[in-house]
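A.B. asks: Provided below are the primary sequence and the corresponding predicted coordinates.
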Amino acid sequence: MLRLVRFKATDRVLLIICLMYLVTYIDRVNIGTAAPAMQKELGLTNFELGLAFSAFAYPYAFFQIAGGWLGDRLGPRKTLLICGAIWSAATIAIGFVEGAMSLIVARFILGIGEGSAFPTATRALANWMAADRRGFAQGITHAAARLGNALTPPIIAFLIVALSWRDSFWIVGVISFAWVGLWFWYFRDDPREHKHITQEELAVLPVMKIASERRAVPWRRLLKRMLPVTMTDFCYGWTLWLFLNWIPSYFLHEHNLDIKKSAIFASGVFFAGVVGDTVGGIVSDRILRKTGSVSKARVSVIVVGFLGAFAFMLPVLFVHDLVTIALCLSGAFFFAELIVAPIWAVPMDIAPQHSGTASGFMNFGFGLAGMISPVVFGAVIDATGRWDLPFVASLGLLLLGAVLALRMRPDEPFLDDVEPEAPVLTLPVAVGPNA
């Protein structure tokens, strides 16, 4: 068994957060693999299934902001204890659903729990990671999320075949509760209060990010500052929701594969995302060290990710060979995931003192895409019977995202103390012998 004591305290915290990303993504995307079995037993249409997919996204989007603020105010340790217990219980509850309505409710509660997770984790990373490790930290944590994507189809398919789709939700829910216990036992909001932290580690953590700050959030100015990042994240999120929710079913229905083979092909696509997340973070930090430009380090990688994903996704509409399509989707997902590390580093670059709230503003765009896209995909598939048409909208938004990324400006830090200066009163100067 891997022993945590072999790592520095900062590395152990990063590892535990990586486990959170992996667990939360298994909990949110397992329905994609279980969907065919659930549809058969519960009698769900693709539109109803799309509603269940999107039911997760509504509270998820809202709690990006509310949860990010809570993480800034209450602290990541308590916040993730609360929301972790909620998403774990909701995952188990999905195993008990009896129809579309109960499934939608369970997915809604799951979104409440997971909505606070990533902004709060970003706040934790802002406290625990040095500035030149932000890209790597965001890359490796989201790589863990994509590893969850990749592992979920074969794991859930195995559990469904060996047990049932209901058992698969119960098992992963129990695993989620185990992570919650690990987090609360080991993590501390302020690194200086952790018994395993070293002075060497503390020396590279800026004081403003170490302190457990309780600053009032300038909501309107911060929202205005983060709006271009939110819009960019919406464009990325639209494509990601397409991959997370529909890729296993796409291989199953469009190419007439059984559940085991569709799970294998879906896993191959998701593994490309694991590599993309890791590479995006490493390259972004390397550019930062080499050039000293935060804008070049973040924006250039994001633009390349959008354009590369567009180039690889385009052939899916015209090619019918299964292996070629799988390779193209893998390439598209690799480039799309190059975006993740730098775009999640941007809130820490812009407003580290409000990184939870700022990342919540940003990821609201992702949640908004999750509200709309699954329902649109399901309706299009029901109306046309074609599983390739949902890719069309993604192509347009990938190009739009590349343009919007140029407006993010992570090189301009957000300042709390920007207030209008008081008017200076000029008094008349006396002129004369007594002046």
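C.D. replies: Now that the structure is in, tell me what you want to look at.
A.B. asks: what are the boundaries of the helices in the stretch 251-400 of the chain?
C.D. replies: Secondary structure of the stretch 251-400 of the chain, counting by DSSP state H, counting those that start in this stretch: helices at 259-291, 294-313, 322-338, 340-350, 355-384, 390-404.
A.B. asks: could you do the stretch 51-200 of the chain as well?
C.D. replies: Under DSSP H, counting those that start in this stretch, the stretch 51-200 of the chain gives helices at 76-94, 100-115, 117-128, 134-162, 165-186, 199-203.
A.B. asks: mind checking which of those helices is nearest Tyr236?
C.D. replies: Nearest to Tyr236 among these is helix 134-162; the distance by CB to CB comes to 11.4 Å. (Glycine included, C-beta is placed from N, CA and C.)
A.B. asks: quick check: mean pLDDT of that closest one?
C.D. replies: Taken as a whole, helix 134-162 has an average pLDDT of 81.
A.B. asks: show me what counts as buried in that helix.
C.D. replies: By neighbour count with 16 or more other CB atoms under 10 Å, helix 134-162 contains the buried residues 134-153, 155-157, 159-160.
A.B. asks: tell me the angle of it relative to helix 259-291?
C.D. replies: Here the directions of helix 134-162 and helix 259-291 differ by 170 degrees (axes from the mean of the first three to the mean of the last three CA atoms, to 10 degrees).
A.B. asks: starting at the chain centroid, how far to helix 134-162?
C.D. replies: Here the centre of mass of C-alpha atoms in helix 134-162, compared against the chain's by CA atoms, centre = their mean, to the nearest Å, lies 12 Å away.
A.B. asks: which helices and strands does it pack with?
C.D. replies: helix 9-42, helix 117-128, helix 165-186, helix 219-254, helix 259-291, helix 340-350 (3 or more CB pairs under 8 Å, 6 or more residues apart in numbering; DSSP states H and E).
A.B. asks: now those helices in CSV, with mean neighbour count, mean pLDDT and distance to Thr79?
C.D. replies: Shown next, in CSV, are those (neighbours: other CB atoms under 10 Å; pLDDT from 0 to 100; distance: least, CB to CB, whole Å):
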stretch, mean neighbour count, mean pLDDT, distance to Thr79
helix 9-42, 22, 85, 12
helix 117-128, 29, 81, 5
helix 165-186, 18, 91, 10
helix 219-254, 22, 81, 19
helix 259-291, 21, 80, 24
helix 340-350, 29, 84, 16
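A.B. asks: next, format those helices as TSV and append distance to Pro410.
C.D. replies: Listed next are the helices and strands packed on helix 134-162 as TSV, based on distance: least, CB to CB, whole Å:
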stretch	distance to Pro410
helix 9-42	21
helix 117-128	14
helix 165-186	29
helix 219-254	8
helix 259-291	10
helix 340-350	4
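A.B. asks: re the thing from before, tell me which of the helices of the stretch 51-200 of the chain lies nearest to Gly401.
C.D. replies: Proximity to Gly401 (CB to CB) singles out helix 134-162 among the helices of the stretch 51-200 of the chain, at 16.6 Å.
A.B. asks: which residue packs closest to the residue nearest the centre of the chain, ignoring adjacent ones?
C.D. replies: By CA atoms, centre = their mean, the chain has its centre lying nearest to Phe118, at 6.1 Å. Of all residues not flanking Phe118 in the chain, Asn363 sits nearest, at 6.0 Å (CB to CB, 6 or more residues apart in numbering).
A.B. asks: then Lys296?
C.D. replies: Spatial nearest neighbour of Lys296, chain neighbours left out: Ile287 (5.6 Å); criterion: CB to CB, 6+ apart.
A.B. asks: check contacts around Val105.
C.D. replies: Residues in contact with Val105 (CB atoms under 8 Å, 6 or more residues apart in numbering) are Ala55.
A.B. asks: state the distance from it to Phe243.
C.D. replies: 25 Å (CB to CB, to the nearest Å).
A.B. asks: Ile156 too?
C.D. replies: Here the criterion is CB to CB. By it, Ile156 lies 16 Å from Phe243.
A.B. asks: what do you get for Arg286?
C.D. replies: Distance of Arg286 to Phe243, computed by CB to CB: 27 Å.
A.B. asks: okay, the residue lying closest to Met226 once chain neighbours are set aside: pLDDT?
C.D. replies: Counting by CB to CB, 6+ apart, Met226 lies nearest to Phe361, which is 4.1 Å off, once chain neighbours are set aside. Phe361 carries a pLDDT score of 83 in this model.
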